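K.L.:
Below are the sequence and a predicted model for it; my questions follow.
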Amino acid sequence: MIRNPELRAVAHQLRQYYFVAGFFSLAVNLLYLAGPIYMLQVYDRVMSSGSVTTLVMLSLILLLAYLCLVGLDIVRGRILSRAGIRMDTLLSQRLLLASLERPEARSQPLRDLDTIRQFATGGGIQALFDLPWVPLYLIVLFLLHPLLGMFALCGGVVIGAMAFINELVLRKALSEAGDASNRNYAFTDVTLRNAESVNAMGMAHNLILRWSDDRNLMLHRQLLAGDRGGFIGGVIKFVRMSMQSIVLGLGAFLVIERMATAGIMFAGSMLLGRALQPIEQVVAHWRSFVSARDAYARIDKLLAAVPAERPGILLPRPTGTLCVENVVFAASAKKPILKGVSFRVEAGEAMGVIGPSGAGKSTLARLLMGVAMPSAGAVRLDGANIAQWPKSRLGRYLGYMPQDIELFPDTIAANICRFEAGEDHMVVEAAKMAGVHDLILQLPQGYDTRIGAGGAILSGGTRQRIGLARAVYGLPNLVVLDEPSSNLDTVGDLALGECLRHLKEHGRTVVVISHRAATIAAVDKLLVLKDGLVEAFGERDDLMRRFRSPQANGRPNIKVIHVNQPALSSIGGGE
C-alpha cells in the first residue's frame with residue numbers, strides 16, 4: 001500500500017495506463033489458449049475425420065489468434081513505456097527539488113527513479129501482469145483431467161516456494177550491494193569534482209584504493225547474489241522442464257488407460273508450460289524487482305523528509321528589514337554552531353560579519369537565505385518568518401553569493417539571470433554592478449560564451465564576479481555575500497565596493513561576510529561572532545573607535561553588546 005500522498009497521487013494518474021495494460025494482459029493470456037485448443041482439435045477431430053479443409057481452417061484461425069496475441073503484446077509494451085515516461089514527468093522535477101534540499105543525496109533520487117521506470121516498463125512488470133492469469137491455465141488443466149490439474153498445481157507450489165526462498169536468500173546480498181553501489185557513486189562524484197586537487201597533490205592512487213573498497217564490496221555482493229540466484233533459477237528451470245516432459249508421460253498414461261485423448265495429452269503439456277512461465281520469469285527478474293523496491297523506499301523516505309511546497313498567502317515584496325531572533329542552529333546532535341544569535345538590520349543598511357574561523361559566519365549566511373532552518377529562534381524578513389515564504393517566490397527577492405562559487409555549464413548570460421526569461425538589459429546591469437561587464441565582452445562570444453561545469457574556462461576572480469552579478473541580478477531586496485572578495489584583485493575590490501554602495505543607494509539590505517578592511521569599510525553596522533555567540537554588534541564606526549580607544553564614549557543611540565579586541569582583530573582570517 002502506498003502511504004505517501006504524493007506517490008499515491010502519481011499512482012492515481014498512472015492507473016489508467018496499468019488498467020489498460022491489465023486488460024491487454026487478459027486478452028493476451030486468453031489468446032495463449034489458442035495453441036492448446038488447436039492441438040485438441042487436430043488430434044481429436046482432424047486426425048479421426050481426415051478432413052483437410054478443417055485442418056486448414058483451424059490453422060488459419062490459429063495464425064490469426066497468434067497475430068492478434070503478438071499485436072496486443074506489442075501494444076501492451078508501448079503502453080507500459082508511456083506509463084514510464086509519464087511517471088518520469090510527474091516525479092523527476094519534484095525529486096530534483098527535494099535533492100536540492102538534501103544535497104547529500106546528490107543524483108541518487110533520479111537514479112532511483114530510472115531504476116523504477118526501467119522495471120515498470122520491462123519484462124519484470126509484464127511477468128507480474130501475466131502472473132494473476134496462472135490460475136486460468138490451472139482451471140483449464142483441471143477441466144481436461146483432474147490428475148493433470150493436480151500435477152500442475154503441485155508444480156506451481158514447488159516453483160512458488162523456490163521463488164520465496166529466492167527472495168530470502170537474495171534480499172540481504174542485494175541490499176548490501178545497492179548500499180555499496182550508492183556509496184561508490186557518491187565517492188566517484190566527489191573525486192571527479194575535485195579532480196584538479198587530486199591530480200595536483202598526487203592523491204589519485206590512494207583515492208583509487210579507497211574507491212575500490214565500496215566497489216569491491218558491491219561486486220562481491222552482486223556476485224554472491226548472482227551465484228545464489230543462478231542456482232535457484234537453475235533449479236526452477238529444471239523443475240519446469242521436467243514437469244513439461246513428465247506431464248506428457250502422465251498424459252500418455254491417461255490415454256493408455258482410456259481416461260483421456262491424445263489431444264488432451266499434448267494440450268496439457270502446452271498449458272503446463274504456459275502456466276509455469278510467468279513464475280519462472282518473475283524469478284528471473286527478481287533482482288530488478290528488489291532494486292526497484294529499494295529505490296522506491298529511498299524515494300518515499302526523501303519525499304517524506306522534504307514535503308512539497310504548499311502555496312500560501314502571497315506576501316508583498318519585502319523592503320528588506322532583517323531581524324534575527326535568538327537563533328540556535330545545531331547540525332544533528334552535535335554541539336550548536338550558533339547559540340542564540342540576535343540582531344536587526346533596517347532596510348537599506350549594510351552589515352558586515354566578522355569573526356575567527358569556526359565562529360558560524362557561513363552557517364548564519366545559509367540561515368538568512370533559508371537554505372538551512374534554525375533549530376530554535378527565527379529569521380524574519382519584514383516581520384515574516386522566512387520559513388513561511390514559498391522558496392520559489394522568496395528567491396526572486398534574495399541574492400546570495402556563497403564562498404564556493406558554482407556556475408552551470410551554460411552561457412554566462414544564463415548564469416547571471418538565474419536561468420529565468422528576463423530582459424537582456426537586466427543581465428548587463430547586473431554585470432556592470434559587479435564590475436565584470438568589460439571582462440565578459442572580451443570573451444569569444446561575450447555574454448553567449450558557454451562555460452564548462454563550475455566555470456572551468458574562467459579565472460577564480462572572474463568566476464567570483466559573475467557569481468556576484470548573479471546575486472545582485474534584478475536588485476533583490478536582501479543580498480548576502482559570503483567572502484565576496486576572496487579571489488579579487490585591487491580592481492575587483494573597488495568594483496565590489498561600488499556594487500555595495502549601489503545596492504545601498506537603491507535601499508537594498510546587504511549582509512557581507514568578509515575579513516578585508518576595504519570591504520568592511522563599506523558597511524554601516526558590524527556583527528562580531530565568536531564560538532557561535534555575538535561578541536559585538538553596533539555601528540561600524542563606533543565599534544572600530546572602541547577597538548582603537550577603549551576609553552572613548554559611544555554615541556547614546558548606539559547599542560554595543562560587547563566588544564572583544566581579539567574578535568575585531570580577526571579581520572584577515574576565514575571561517
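P.N.:
Arrived safely, thanks for sending.
K.L.:
so where's the stretch 301-450 of the chain uncertain?
P.N.:
Low-confidence segments of the stretch 301-450 of the chain (pLDDT under 70): 311-313, 332-334, 422.
K.L.:
Start from the N-terminal end of it and give the helices.
P.N.:
For the stretch 301-450 of the chain, the helices defined by DSSP state H, counting those that start in this stretch occupy 361-369, 391-394, 412-416, 424-433, 437-441.
K.L.:
and residue 164, which of the ones you listed is closest to it?
P.N.:
helix 391-394 (46.2 Å; C-beta to C-beta). The C-beta positions use only the backbone N, C-alpha and C, and glycine is treated the same way.
K.L.:
Residues contacting the closest one, please?
P.N.:
309, 314, 370, 381, 386 (C-beta atoms under 8 Å, 6 or more residues apart in numbering).
K.L.:
Show me how far that helix is from its chain's centre.
P.N.:
Here helix 391-394 is found 20 Å from its chain centre; the criterion is C-alpha atoms, centre = their mean, to the nearest Å.
K.L.:
Buried residues in that helix, which are they?
P.N.:
For helix 391-394, the neighbour count (16 or more other C-beta atoms under 10 Å) marks 391, 394 as buried.
K.L.:
thinking again about what came up before, out of the helices of the stretch 301-450 of the chain, which comes closest to residue 229?
P.N.:
Across the helices of the stretch 301-450 of the chain, residue 229 has its closest neighbour in helix 391-394 (44.5 Å, C-beta to C-beta).
K.L.:
coming back round to it: so which of the contacts of helix 391-394 sit within strands?
P.N.:
residue 381 (DSSP state E).
K.L.:
I'd like to know which of the contacts of helix 391-394 are buried.
P.N.:
By 16+ other C-beta under 10 Å, these give 370, 381, 386 as buried.
K.L.:
tell me the contacts of the first one?
P.N.:
In other words, residue 370. Contacts of residue 370 by C-beta under 8 Å, 6+ apart are 379, 386-387, 389, 391, 394, 398.
K.L.:
Tell me the spacing between it and residue 329.
P.N.:
If you measure residue 370 against residue 329 using C-beta to C-beta, to the nearest Å, the figure is 13 Å.
K.L.:
ok, the residue nearest to residue 224 when sequence neighbours are not counted to residue 286 distance?
P.N.:
In space, and not counting its chain neighbours, residue 224 is closest to residue 173: 4.8 Å by C-beta to C-beta, 6 or more residues apart in numbering. Residue 173 sits 12 Å away from residue 286, taking C-beta to C-beta as the criterion.
K.L.:
can you pull the pLDDT of residue 59?
P.N.:
Looking at residue 59, its pLDDT is 92.
K.L.:
Which secondary structure element is home to it?
P.N.:
helix 52-101 (DSSP states H and E).
K.L.:
tell me which strands and helices that helix is in contact with?
P.N.:
helix 5-31, helix 34-41, helix 108-121, helix 123-130, helix 286-305 (3 or more C-beta pairs under 8 Å, 6 or more residues apart in numbering; DSSP states H and E).
K.L.:
In a markdown table: those, plus distance to residue 100.
P.N.:
As requested, the helices and strands packed on helix 52-101 are exported to a markdown table (distance: least, C-beta to C-beta, whole Å):
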| stretch | distance to residue 100 |
| --- | --- |
| helix 5-31 | 16 |
| helix 34-41 | 54 |
| helix 108-121 | 10 |
| helix 123-130 | 30 |
| helix 286-305 | 11 |
